[in-house]
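J.: I need the structure of the sequence given here:
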Amino acid sequence: MTRIRIIASIIIGKMLILLARLLRRGGSSLPGRVALRIAPGLLCTLAARIEGGVVAVTATNGKTTTTRMLAGLVRHAGRPVVTNASGANMAGGIVSAMIEAASLRGRFPRQALGIIEVDEGSIPAVLPLLRPMLLLVGNFFRDQLDRYGEVAILARRVGETIATLANPPRLVINADDPIAASLADTGSGLPVWFGVDAVAETVPVSGGETADIRHCPVYHAPLEYSLRVMGHLGRYHCRGCGRQRPEPDWSAGRTLALGMMQQEYCLAHRGGQSFTVRLSFPGIHAVYNSLGALAVLDQLGLLDQGAIDWLAGFIPPYGRFEKIDLAGRMVFLMLVKNPAGANASLDILAQHAPGGDVLILLNDLAADGRDISWIYDAGFESIAGAGSVTTGGRRADAMALRMLHAGVPGSRIESAGGDIPRALEMAMSKTDPGKSLAIIATYTAMHAIRAVLVRRAGIRDFWKDGT
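T.: As a prediction, the model looks like this:
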């Protein structure tokens, strides 16, 4: 690939990013896709030019939050960062982020670190080009079955990809996920493990009804749990082969919810080091996200008390329990896309906002997953006591029916159809000033409702998130 092609692809990519943002389209992946047409080897070339190396982050749930958190921690330590902050995590989106960070000649700041989110289904195509030194694997949950297939098949593809790399990355793995833990068998060296050792009663956890696997991924005997934290995550063992949850290098204990928007836990290393971590967003999934980020930060030699203090002020990416003041109402915006992620949000609402008003926006476009049957596996029954439920999006009526099955009286359910701005107006009309409205939305619906909120509430466009 010639230098002229590289420079031309970067110049055109930068122009497309600027144009897309002037048109308020975000410019997340299209510029990168165009650039790859001009210079097909651009991803590999740019990744190799990141002087500090690349850390890749993958998971079904939480990878965008973890990536943004880790990138912020690295910046706080004084290192330049190349990252795909908007969450565009396939090849085109990754290249767009690199183009934006690079000079016209395709160079990055000295000692820059790449903190790159990678779509779990894109790992076979992207990982050999990124050639990361570290790979954080957060979890594997059932998600978009029409695109990914079952989680065991997806995890096997990821493992096969890692095993074929000439210089495989060191793995940082969620020990509580038996599917993710099976990647340690790829022969890529000694993993770094993280996990949750204790969950207080004040922190809601999802039960086994959303477990995406119930059998050992190796021996196929039923898994038994002494602690179940979220879906199939927890302290498990297989009677058949003896495989069990590895002892974490970094663990979270004494987890405590401090109201709806704050929590803290004790971060402990098996070598004796410990910190008290405070987070400004809720849920046990947030604990897992921060655990993974801090375990990687330790591998980079950047973990200290200053990093822990910085984390207390971390604001999660758009739509991840985003708090917005709108016309005197407090709006909580939550992205959901599968049963495990939905239950994490629903549990928080059930505990901290019982009886509140809810707007649920359900789309079935390619980025959401065409198959919406997952809504019957998520525990919407936990918010059956909502004051009102408004549904919107392409599958608004299907969501209204689901809430009726969940036990919400029909008199409290109203469908706005596919008109998302109208759905917001309807929901707001039912929420008294000074009260809160929870908005639960799938991926494309989240972008649509945020476009409305950018205009009405003055919040930042999603591509500016993390900048």
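J.: now do stretch 156-176: distance to the chain's middle.
T.: 19 Å (Cα atoms, centre = their mean, to the nearest Å).
J.: and it, C-alpha only, in CSV?
T.: Extracted as CSV, the C-alpha positions of stretch 156-176 are listed here (Å, rounded to 0.1, in the frame of the first residue of the first chain):
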residue,chain,number,x,y,z
ARG,A,156,-15.5,-20.4,20.1
ARG,A,157,-14.8,-18.1,17.1
VAL,A,158,-13.1,-15.6,19.3
GLY,A,159,-11.0,-18.3,20.9
GLU,A,160,-10.0,-19.7,17.5
THR,A,161,-9.0,-16.3,16.3
ILE,A,162,-6.8,-15.7,19.4
ALA,A,163,-5.1,-19.1,18.9
THR,A,164,-4.1,-18.3,15.3
LEU,A,165,-2.3,-15.1,16.2
ALA,A,166,1.5,-15.2,15.9
ASN,A,167,1.8,-12.8,19.0
PRO,A,168,-1.4,-13.3,20.9
PRO,A,169,-2.4,-10.7,23.4
ARG,A,170,-2.4,-11.2,27.1
LEU,A,171,-6.0,-11.8,28.1
VAL,A,172,-7.8,-9.9,30.9
ILE,A,173,-10.9,-12.0,31.5
ASN,A,174,-14.1,-11.8,33.7
ALA,A,175,-13.6,-14.9,35.8
ASP,A,176,-17.3,-14.9,36.7
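J.: looking only at pLDDT, what's the mean for it?
T.: When pLDDT is averaged over stretch 156-176, the result is 95.
J.: list the buried residues in it.
T.: When burial is assessed from 16 or more other Cβ atoms under 10 Å, stretch 156-176 yields the following buried residues: 158-159, 161-162, 168-176. In short, each C-beta sits where N, CA and C put it, glycine included.
J.: kindly report the same for stretch 370-382.
T.: 372, 374-375, 377-380, 382.
J.: what is the nearest of these to Leu19?
T.: Leu19 lies nearest to Ile372 out of those, by Cβ to Cβ, at 33.9 Å.
J.: low-confidence stretches in the stretch 201-350 of the chain?
T.: 201-212 (pLDDT under 70).
J.: all strands for it, in order.
T.: For the stretch 201-350 of the chain, applying DSSP state E, counting those that start in this stretch gives strands covering 223-230, 233-238, 250-257, 263-269, 274-279, 320-326, 329-335.
J.: let me know which of those strands is the nearest to Asp309.
T.: Comparing the strands of the stretch 201-350 of the chain by Cβ to Cβ, strand 274-279 comes nearest, at 8.8 Å.
J.: for the closest one, packing partners?
T.: strand 263-269, helix 284-299, helix 305-311 (3 or more Cβ pairs under 8 Å, 6 or more residues apart in numbering; DSSP states H and E).
J.: ok, residues contacting the last one?
T.: So the one you mean is helix 305-311. Applying Cβ atoms under 8 Å, 6 or more residues apart in numbering, the contact partners of helix 305-311 are 69, 72-73, 76-77, 267, 275-279, 290, 294, 297.
J.: what of the first one?
T.: Residues from elsewhere that reach strand 263-269 (Cβ under 8 Å, 6+ apart): 197, 203, 249-258, 274-279, 282-283, 286-287, 291, 294, 298, 308.
J.: what pairs with it, parallel or antiparallel?
T.: Here strand 263-269 has these sheet partners by DSSP bridges: strand 250-257 (antiparallel), strand 274-279 (antiparallel).
J.: please work out which of the helices and strands packed on strand 274-279 is packed deepest.
T.: The highest mean neighbour count among these, using mean count of other Cβ atoms under 10 Å, belongs to helix 284-299: a mean of 26.
J.: and that one, how far out from the chain middle?
T.: Remark: helix 284-299 is offset 12 Å from the chain centroid, using Cα atoms, centre = their mean.
J.: angle of it against strand 223-230?
T.: If you take axes from the mean of the first three to the mean of the last three Cα atoms, to 10 degrees, helix 284-299 sits at 100 degrees to strand 223-230.
J.: quick revisit: which of the helices and strands packed on strand 274-279 sits closest to Val55?
T.: helix 284-299 (6.0 Å).
J.: got the CA coordinates for the closest one in CSV?
T.: Output in CSV follows, covering the C-alpha atoms of helix 284-299 (Å, rounded to 0.1, in the frame of the first residue of the first chain):
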residue,chain,number,x,y,z
ILE,A,284,-23.6,-4.4,39.3
HIS,A,285,-22.8,-4.2,35.6
ALA,A,286,-21.0,-0.9,36.4
VAL,A,287,-18.9,-2.7,39.0
TYR,A,288,-17.8,-5.3,36.3
ASN,A,289,-17.0,-2.5,33.8
SER,A,290,-14.8,-0.7,36.3
LEU,A,291,-13.2,-3.9,37.5
GLY,A,292,-12.1,-4.7,34.0
ALA,A,293,-10.8,-1.2,33.3
LEU,A,294,-8.8,-1.1,36.5
ALA,A,295,-7.3,-4.6,35.9
VAL,A,296,-6.1,-3.4,32.5
LEU,A,297,-4.8,-0.2,34.0
ASP,A,298,-2.7,-2.2,36.4
GLN,A,299,-1.2,-4.1,33.5
